[in-house]
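Coordinates for the following, if possible.
(2 chains)
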Amino acid sequence: MKQLQSSLIASALLLTIVSDAHAKLEVVATLADFGALATQIGADNVDVTVLGKPTEDEHFVDARPSFVVKLRNADVLIEGGAELEAGWLPPLLQNARNDKIAIGAPGRVVACQGIRLLNVPENVTRAAGDVHALGNPHYMIDPIIAKAVAQHIAQTLATLDPADAAAYQTNYANFATTIDARLQQWGATLAPFKGANVVAYHDSWPYLAHRFGLTIDTFLEPKPGIPPSPSHLAEVIEKMKAQNSRAIILEPFHNRKIAEKVAAATGARIVDAAQYPGALPNTDDYVALIDALVARLAAALGGQ
Amino acid sequence: MWEVMFWPCVACVLLPWLLVYLGIHVVRRGIIFIDIAMAQMASLGICTAVLLHMDLEGTGTFALALGFTLVGAAIFSFTGKRTSQVPQEAVIGIAYVVATAASVLLLSRAAEGDEEIKNMLVGNILLVSPAEVWHCFGLFAAVGLVHALLRKQFMLVSFDREVAYRQGLRVRWWDFLFYASFGLVVTSFVQIAGVLLVFTYLIVPAVCGIGLADTLGKRLLVGWGCSLAGGIAGLYLSFRYDLPSGAAIVCTFGGLLILLSGAARIRRAVDG
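Numbering: from 1, shown residues only, chains lettered A, B, ... in the order given. Now for the predicted structure:
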């Protein structure tokens, strides 16, 4: 009897060990771009949950009970940082109370770490008037930065799950190779429009502008989150006419009517764009999203 | 489930009683939208603080929000005349739209956008912290005590205004005290639970209580029963189907009200 008991215990132990070895890492990504990279790098070794919907304004994500549960059980949390999720993530984390993803823990990926952010205000008092004192947090749209973030994710996954480290490294290498190859094509597609002036609703695109040599410094909203005033719109329209701006970038959650009004006044085209994989049709992974963005921009700027 | 829903449940048990009581006053006075107008006055105060580059978590901001709420209280008590062609609800509506529009104007001149302000003003019941619940409970207990001590005057002014005038009560001052305490309660509850939930907790249980019972005591009991049942059921549904908690509670209350009015109708039909 005793023997049976101990062999039962032994097999139970063995089972736990075996199932542990195969337990997938629970990865929570705040937004769909980080989620897409985590899926690409982690593949079958991770379960990825994305909190914000791809079509949702990343500054305001509606909390649901499952978010707290997921964060409580997470092994890894990937966030953008630089105040991108400052409005909604901290209270969720406070309620989840999970040491594995606490600040500084190996499971916490703050993706902006090591990234040189654009538009860091020189004066960081409130009077300086920038919501994002650490710089513009919409950096994932730059493929080269996305590559660095993918590497950061691969390193974290490898540290937490050394058994599958080789797979993570291979998946990262494949992603990096794809990005390098595609960068050439994307650059070539947008090359004819170098220096072109593009207007956006919100200041989400400085990294796209920087990477592909566009100028995106005119915005329909006078300040982040503030509806345009008539005089501001008149200014924008005048500026667009003077600079011959041909495209207005609009995200799914912004006011389309305002963009249409400006487009009608200037003859510019509206480019339905998104920062998050899955928000536009057939853009489930990161590369497909940049493909779609580049194609849509080129079509609008080329007047097709 | 408990790990996640414990503090929201505590908040839904410990806090709404005062809202239900104030709700009965508000419904009887016929000033349903006073809470939203008051919350908007407080937010105008916070927008002013933003414009002055004050620390949003600091006491200065709180003082401004409170100050604007008191201004609201003064407006509503000053405009509440003994007899008037213009219903109080009209003044409340005007105060609401003007305060809302004024905050848009202020923010358009402020250095930063309104992201932070939105987050400050509108809480989420799912994410309440224990400290918030206890602070709010302490405040509610204090306001509740004031209302319990002065209940005779408050009742008279809300439910029997003519008698109050005839007895020589300084109705305007009692109104001011009522609105001021009300503004304090609403503003602090909005910060932890959001505007929708404040409105629901004020109005739905009070309507149930007034519809189903005839004395204040019974109405309060019915109202408190409703607020507990609706709150807990709403939180359960929110967890079970993974819905935004505040909105789930509000819709549960809507369903509860339909059920109760159906039941009351059937009972009347059977009795009659």
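
name the helices or strands packed onto the helix or strand hosting A:D180?
Element membership for A:D180, per DSSP states H and E: helix A:165-190. Applying 3 or more CB pairs under 8 Å, 6 or more residues apart in numbering or on different chains; DSSP states H and E, one finds that helix A:165-190 contacts helix A:32-42, helix A:143-160, helix A:206-212, helix A:286-301. For the C-beta atoms, the positions are set from N, CA and C on the backbone; glycine is no exception.

got the CA positions of the longest one in PDB?
C-alpha atoms of helix A:143-160 as PDB (Å, rounded to 0.1, in the frame of the first residue of the first chain):
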ATOM      1  CA  PRO A 143       9.600  49.300 -38.400                       C
ATOM      2  CA  ILE A 144      13.100  49.600 -37.200                       C
ATOM      3  CA  ILE A 145      11.900  50.500 -33.700                       C
ATOM      4  CA  ALA A 146       9.400  47.600 -33.900                       C
ATOM      5  CA  LYS A 147      12.400  45.300 -34.600                       C
ATOM      6  CA  ALA A 148      14.100  46.600 -31.400                       C
ATOM      7  CA  VAL A 149      10.900  46.000 -29.500                       C
ATOM      8  CA  ALA A 150      10.700  42.500 -30.900                       C
ATOM      9  CA  GLN A 151      14.200  41.800 -29.700                       C
ATOM     10  CA  HIS A 152      13.300  43.100 -26.300                       C
ATOM     11  CA  ILE A 153      10.300  40.700 -26.200                       C
ATOM     12  CA  ALA A 154      12.400  37.800 -27.400                       C
ATOM     13  CA  GLN A 155      15.000  38.300 -24.700                       C
ATOM     14  CA  THR A 156      12.300  38.500 -22.000                       C
ATOM     15  CA  LEU A 157      10.600  35.400 -23.200                       C
ATOM     16  CA  ALA A 158      14.000  33.600 -23.400                       C
ATOM     17  CA  THR A 159      14.900  34.600 -19.800                       C
ATOM     18  CA  LEU A 160      11.600  33.400 -18.400                       C
END
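
Buried ones in it, by neighbour count?
Across helix A:143-160, burial judged by 16 or more other CB atoms under 10 Å in any protein chain shown covers A:143, A:145-158, A:160.

what does it rub up against?
With contact meaning CB atoms under 8 Å, 6 or more residues apart in numbering or on different chains, helix A:143-160 is reached by A:25, A:27, A:33-34, A:37-38, A:40-42, A:45-46, A:75-76, A:78, A:106-107, A:109, A:111, A:113-115, A:139-140, A:164-165, A:168-169, A:171-172, A:175-176, A:179, A:182-183, A:186, A:207, A:211, A:286, A:290.

Quick check: what element follows the helix holding A:D180 along the chain?
Next element after helix A:165-190 (DSSP H and E): strand A:197-200.

What are the boundaries of the strands in the stretch 201-304 of chain A?
For the stretch 201-304 of chain A, applying DSSP state E, counting those that start in this stretch gives strands covering A:215-219, A:247-250, A:269-272.

looking at those strands, which is buried most?
Sort the strands of the stretch 201-304 of chain A by mean neighbour count, taking mean count of other CB atoms under 10 Å in any protein chain shown, and strand A:247-250 sits at the top with a mean of 26.

That strand - contacts with which helices or strands?
Identification of packing neighbours for strand A:247-250 by 3+ CB pairs under 8 Å, 6+ apart yields strand A:197-200, helix A:256-266, strand A:269-272, helix A:286-301.

The nearest residue to A:R182 once chain neighbours are set aside: what's it in contact with?
With sequence-adjacent residues excluded and distances taken as CB to CB, 6 or more residues apart in numbering or on different chains, A:R182 is closest to A:V287, at 6.0 Å. Shown in contact with A:V287 (CB under 8 Å, 6+ apart): A:178-179, A:182.

Would you state the helices of chain B in chain order?
B:2-14, B:16-29, B:34-51, B:59-79, B:88-109, B:115-121, B:130-149, B:151-159, B:161-166, B:171-193, B:195-212, B:216-240, B:245-271 (DSSP state H).

Run the chain-centre distance for the last one.
Its chain's C-alpha centre lies 21 Å from the corresponding centre of helix B:245-271 when counted by CA atoms, centre = their mean, to the nearest Å.

what packs against that helix?
Against helix B:245-271 (3+ CB pairs under 8 Å, 6+ apart) you get helix B:195-212, helix B:216-240.

ranking these by burial, who's on top?
The most buried one of the helices and strands packed on helix B:245-271 (mean count of other CB under 10 Å) is helix B:195-212, showing a mean of 24.

Does that helix reach chain A?
No: applying CB under 8 Å from any CB of the partner chain, one finds helix B:195-212 separated from chain A by no less than 12.5 Å.

what angle do that helix and helix B:245-271 make?
Helix B:195-212 and helix B:245-271 are oriented at 10 degrees to each other (axes from the mean of the first three to the mean of the last three CA atoms, to 10 degrees).

which other helices and strands contact helix B:195-212?
If you count contacts as 3+ CB pairs under 8 Å, 6+ apart, helix B:195-212 packs onto helix B:16-29, helix B:34-51, helix B:171-193, helix B:216-240, helix B:245-271.

elements contacting the shortest one?
When contacts are defined as 3+ CB pairs under 8 Å, 6+ apart, helix B:16-29 sits against helix B:130-149, helix B:151-159, helix B:171-193, helix B:195-212, helix B:216-240.

What is the neighbour count of whatever residue of the stretch 201-304 of chain A ends up closest to chain B?
Here the stretch 201-304 of chain A gets closest to chain B at one residue, A:G225, 3.2 Å apart by CB to the nearest CB. Residues near A:G225, counting by other CB atoms under 10 Å in any protein chain shown, number 18.

List phi and psi for it.
With angles defined as degrees, to the nearest 10, A:G225 sits at phi 90, psi 0.

Go ahead and flag the most central residue of chain A.
With distances taken as CA atoms, centre = their mean, the residue of chain A nearest its centroid is A:D33 (3.7 Å).

pLDDT value on A:L14, please?
Confidence at A:L14, expressed as pLDDT, is 49.

cool, A:P224 as well?
Value listed for A:P224 in the pLDDT field: 76.

gap between it and B:A110?
11 Å (CB to CB, to the nearest Å).

B:C9 now?
37 Å.

Which one's more surrounded, those two?
B:A110 (22 against 16).

List the contacts of the more buried one.
A:223, B:47, B:50-51.

A:D33 touches A:A279, doesn't it?
No: checked against CB atoms under 8 Å, the pair A:D33 and A:A279 is beyond contact range at 9.9 Å.

Mutual contacts of those two, please.
With CB under 8 Å, 6+ apart as the test, A:D33 and A:A279 both reach A:L289.

Find the least confident helix or strand in chain A, judged by mean pLDDT.
Of all helical and strand segments in chain A, the minimum by mean pLDDT, DSSP states H and E falls on helix A:2-22, at a mean of 52.
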